[in-house]
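Visitor: Have a look; sequence and predicted model below, questions after that.
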Amino acid sequence: MGIFWLWALVCLGITLVVWFPLIAFVHRKLLGQIFVVLLGLTALGATVGVLGGLSREGAVGEITAAVLGLLGGVVVWIFATDLHKKADSDSQPHSGALVSVCVFAFSLSLFLSYIQASQRRADPERFLFWRAQCVEMFSDQDKLTDPLTFTVMSDSFGKICANIFKYETGKMVKGEPETRP
């Protein structure tokens, strides 16, 4: 699944999961507005999560999270203030609860998208790490000529390195672009 589809799935999925239970507790005329605010906040959370998870620099995730978190907080505050002003005296919506729901949606989308994006970043890095280790081990003449060292190396890392080399050889022979399995 591409990053865009991951982002869209997290945004829409979390918005719907949080919004559906609100149908029983919120006035019908406010549901559309709440849906839009939830969708916007989950989009902010998913954006921060994807950018932070894909980045190798911690500062990117921290700065982006701080800026967009502040923006999300301002949006929720404005939304809650607007609801409080529009509410009738006898049917005032619980703006504190709505703010909590919005913060929950933001946090959940941030968490899920960060985990998924960091996993996407870690898989190729893990592959490259093992490829470098295999090349180093199986190209060292001293290790290859010593029978005991070669046996231990082959038993311990033989399957991993064979799969890596087999995958790369197949790609080179077929002339396909380099992608990881």
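Guide: Arrived safely.
Visitor: so how far is Ala117 from Leu38?
Guide: Distance of Leu38 to Ala117, given as CB to CB, to the nearest Å: 21 Å. C-beta here means a position set from N, CA and C on the backbone, and glycine is covered the same way.
Visitor: Lowest-scoring secondary structure element of this protein by mean pLDDT?
Guide: helix 58-86 (a mean of 69; mean pLDDT, DSSP states H and E).
Visitor: which strands and helices sit next to the helix or strand following that helix?
Guide: Later in the chain than helix 58-86, the nearest helix or strand by DSSP states H and E is helix 95-138. Counting contacts by 3 or more CB pairs under 8 Å, 6 or more residues apart in numbering; DSSP states H and E, helix 95-138 packs against helix 3-22, helix 28-54, helix 58-86, helix 147-174.
Visitor: ok, the residue nearest to the spatial centre of the chain - contacts?
Guide: When CA atoms, centre = their mean is applied to the chain, the residue found nearest the centroid is Ser113 (2.5 Å). Applying CB atoms under 8 Å, 6 or more residues apart in numbering, one finds that Ser113 lies in contact with Leu6, Trp7, Val10, Gly45, Ala46, Thr47, Val48, Gly49, Val50, Gly53.
Visitor: Quick one: neighbours of Gly40, just the number.
Guide: 20 (other CB atoms under 10 Å).
Visitor: Same check on Leu22?
Guide: By other CB under 10 Å, 16 other residues sit near Leu22.
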